[in-house]
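K.L.:
sequence and predicted structure, then a few things I'm wondering about:
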Amino acid sequence: MDKKASNSIQRARLCSGLTQEALAERAGYSPDSVRAWESGARTCPPEALDMLGEILAAP
């Protein structure tokens, strides 16, 4: 995963006031997955990006 995308996930999560654990729970993924996506260690699958976008765009 490119650094820009991983930074975007982290930035959006922080702006939403969510912890990695809370985002993972809402999205149905493990906190380890969220950490790996944010660090760039793993690529976030497209279906997860869609889910994260819905969660993080909600007020």
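P.N.:
Alright, I've got the coordinates. Residues are numbered from 1 along each chain as shown.

K.L.:
going forward, measure contacts and count neighbours with C-alpha atoms only.
P.N.:
Noted.

K.L.:
show me the contacts for Leu23.
P.N.:
Arg13, Pro31, Val34, Leu52, Ile55 (Cα atoms under 8 Å, 6 or more residues apart in numbering).

K.L.:
how about a cut-off of 10 Å?
P.N.:
Contacts for Leu23 (Cα atoms under 10 Å, 6 or more residues apart in numbering) come out as Arg13, Ser16, Gly17, Tyr29, Ser30, Pro31, Val34, Leu52, Ile55, Leu56.

K.L.:
over to Leu18?
P.N.:
The contact partners of Leu18, by Cα under 10 Å, 6+ apart, come to Gln10, Ala12, Ala24, Leu56.

K.L.:
same deal with Ile9?
P.N.:
Contacts of Ile9 by Cα under 10 Å, 6+ apart are Cys15, Val34, Trp37, Glu38, Ser39, Cys44, Leu49, Leu52, Gly53, Leu56.

K.L.:
show residues contacting stretch 40-58.
P.N.:
Taking Cα under 10 Å, 6+ apart as the rule, stretch 40-58 contacts 1-7, 9, 12-18, 23-24, 26-29, 33-38.

K.L.:
what are the buried residues along it?
P.N.:
Gly40, Thr43, Cys44, Leu52, Ile55, Leu56 (16 or more other Cα atoms under 10 Å).

K.L.:
dump those to JSON lines, plus secondary structure.
P.N.:
Below are the buried residues of stretch 40-58 laid out as JSON lines (DSSP: H, G, I helix; E, B strand; the rest coil):
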{"residue": "Gly40", "secondary structure": "coil"}
{"residue": "Thr43", "secondary structure": "coil"}
{"residue": "Cys44", "secondary structure": "coil"}
{"residue": "Leu52", "secondary structure": "helix"}
{"residue": "Ile55", "secondary structure": "helix"}
{"residue": "Leu56", "secondary structure": "helix"}
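
K.L.:
good, wrapping up.
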